[in-house]
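Q: make a model of this:
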Amino acid sequence: MAATKNQVPDIKFSSIAVLIDGENVDRLKVESILARIGRMGTITTRRVYGDWSQDKLKQWDETVSACALRTMHHYVHSTQKNTSDIALVIDAIDLLYTGKYDAFVIVSSDGDFSNLAVRLRNEGKFVIGVGRRKTNYNFITICDMFINQDKLASSAGTSNPDKLKNIIDTLNSKVTERNTAVLAQRKKVTEKNRAIADLKKEISAMKKELRASVSANKKLEAQFAKLQRTNEKLQKRNGDLKKKKEMLQQKAFEQRADTEHFVSDLLQKAIEGEEIAPNKYPLDVIGKKIRLEAPNFRPSDYGFSSLSKLIGSIPGVEMQTEQNRLVFSFEDKDKVLNCN
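A: I've put the predicted structure just below:
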């Protein structure tokens, strides 16, 4: 178990959220931690929690800047020291329900985050824990992977000006690219609005011309020709809408076919030998077997934000929570699996 907890998974995650307990982690290890996590996929969110009014956290300034961390400030209003921990848990659940992240990294040696790790795994997310060697063993075993920060190199006590400059230059370049893209998009929108305004003016002019040419046959013929052209545009638009409708129908058909493939192939294989009670199966174990069977599997490919929602959408399948664990059962297993 300990060896596999330190292995880098074959899966490359598309979106990773890194949540750091600033009051319970060595700041000099953060840069090495992020570098290690970065080898597994794209880190899209990196936050550090603490009461930044305290003098003991002032030393984090260089680390926050060098590692591009977002500081989440929470005052400690009592002798209890779990204010920031609660904030981290709340943020983790909020990020979970966005459906954007397929992996969560909890950087803390505090074993109180065990329940959070269980909840994230129950939703089919890959959970990575990072902490000291003395971290609570329950938290280590719950995580899909655990990194011992004591074995990671510490960053220098002073910032490297050239490195910071490179980071700032890179960020500025990305901001410039983003601004250019936004300006281009705004230009397209402006051009589209101008075309719509011109079309409205043309339609208004046509109406006026029609009213003015009631008694003149030649003018009526000209307006009739314009109406024919307008009708052709509408017919073309109707044709485009019809094609779009057919494409959507085809996509829905393919999605149903994909779901049927998931049920008949991946799900049917994953539940073999995993029944924990008559006709009941644990979601976390089934999710891990599916990831091993199909490393590129993503619930979002089937139109769902999590594995629990995907399995729960299958007709004849009931999803429920038992002892803080998501399980599912079949009304008629043979009927559900055979009809797919």
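
Q: ranges for the strands of the stretch 51-200 of the chain?
A: For the stretch 51-200 of the chain, strands defined by DSSP state E, counting those that start in this stretch occupy the ranges 70-73, 103-107, 126-131, 145-148.

Q: closest to E177 out of the ones you listed?
A: Counting by CB to CB, E177 lies closest to strand 70-73 out of the strands of the stretch 51-200 of the chain; the figure is 20.9 Å. To be clear about C-beta, it is placed using only N, CA and C from the backbone, and glycine gets the same treatment.

Q: by contact count, what packs against the lengthiest helix in the chain?
A: Longest helix in the chain, counting residues (DSSP state H): helix 161-212. Judged by 3 or more CB pairs under 8 Å, 6 or more residues apart in numbering; DSSP states H and E, helix 161-212 is in contact with helix 61-66, helix 217-261.

Q: using a markdown table, lay out these together with mean neighbour count, mean pLDDT and distance to E191.
A: Shown next, in a markdown table, are these (neighbours: other CB atoms under 10 Å; pLDDT from 0 to 100; distance: least, CB to CB, whole Å):
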| stretch | mean neighbour count | mean pLDDT | distance to E191 |
| --- | --- | --- | --- |
| helix 61-66 | 16 | 89 | 41 |
| helix 217-261 | 11 | 77 | 18 |
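
Q: can you lay out those helices as CSV showing distance to V175?
A: Below are the helices and strands packed on helix 161-212 laid out as CSV (distance: least, CB to CB, whole Å):
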stretch, distance to V175
helix 61-66, 16
helix 217-261, 35
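
Q: how about R39, phi and psi?
A: Main-chain torsions, R39, degrees, to the nearest 10: phi -70, psi -10.

Q: picking up where we left off before, now do the longest helix of the chain: distance to the chain's middle.
A: Computed by CA atoms, centre = their mean, to the nearest Å, the chain-centroid distance of helix 161-212 equals 27 Å.

Q: tell me the most buried of the strands of the stretch 51-200 of the chain?
A: strand 103-107 (a mean of 27; mean count of other CB atoms under 10 Å).

Q: just the CA trace of that strand, in CSV.
A: Only the C-alpha atoms of strand 103-107 are listed here, as CSV (Å, rounded to 0.1, in the frame of the first residue of the first chain):
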residue,chain,number,x,y,z
ALA,A,103,-8.3,15.7,-9.2
PHE,A,104,-7.9,17.4,-5.8
VAL,A,105,-4.7,17.9,-3.8
ILE,A,106,-4.9,18.5,0.0
VAL,A,107,-1.6,19.8,1.3
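
Q: quick one on the thing from earlier: let me know which of the strands of the stretch 51-200 of the chain is the nearest to N238.
A: Shortest distance between N238 and those, using CB to CB, is found for strand 103-107: 45.5 Å.

Q: quick one: list the elements packing against the closest one.
A: strand 13-21, helix 30-38, helix 83-98, helix 114-122, strand 126-131.

Q: try it again with 10 Å
A: Judged by 3 or more CB pairs under 10 Å, 6 or more residues apart in numbering; DSSP states H and E, the packing partners of strand 103-107 are strand 13-21, helix 30-38, strand 41-50, helix 83-98, helix 114-122, strand 126-131, strand 145-148.

Q: the residue most central in space within the chain: what's it in contact with?
A: With distances taken as CA atoms, centre = their mean, K100 lies nearest the centre of the chain, 0.9 Å away. K100 makes contacts with S14, S15, A17, T44, T45, S300, S305, as judged by CB atoms under 10 Å, 6 or more residues apart in numbering.

Q: switch to 6 Å and redo it
A: Shown in contact with K100 (CB atoms under 6 Å, 6 or more residues apart in numbering): S15.

Q: also the one 3 residues further on?
A: A103 makes contact with F13, I16, F126 under the criterion CB under 6 Å, 6+ apart.

Q: need the winner for burial among the helices and strands packed on strand 103-107.
A: strand 126-131 (a mean of 25).

Q: pLDDT weak spots in the stretch 1-150 of the chain?
A: Residue ranges of the stretch 1-150 of the chain with pLDDT under 70: 1-9, 74-81.
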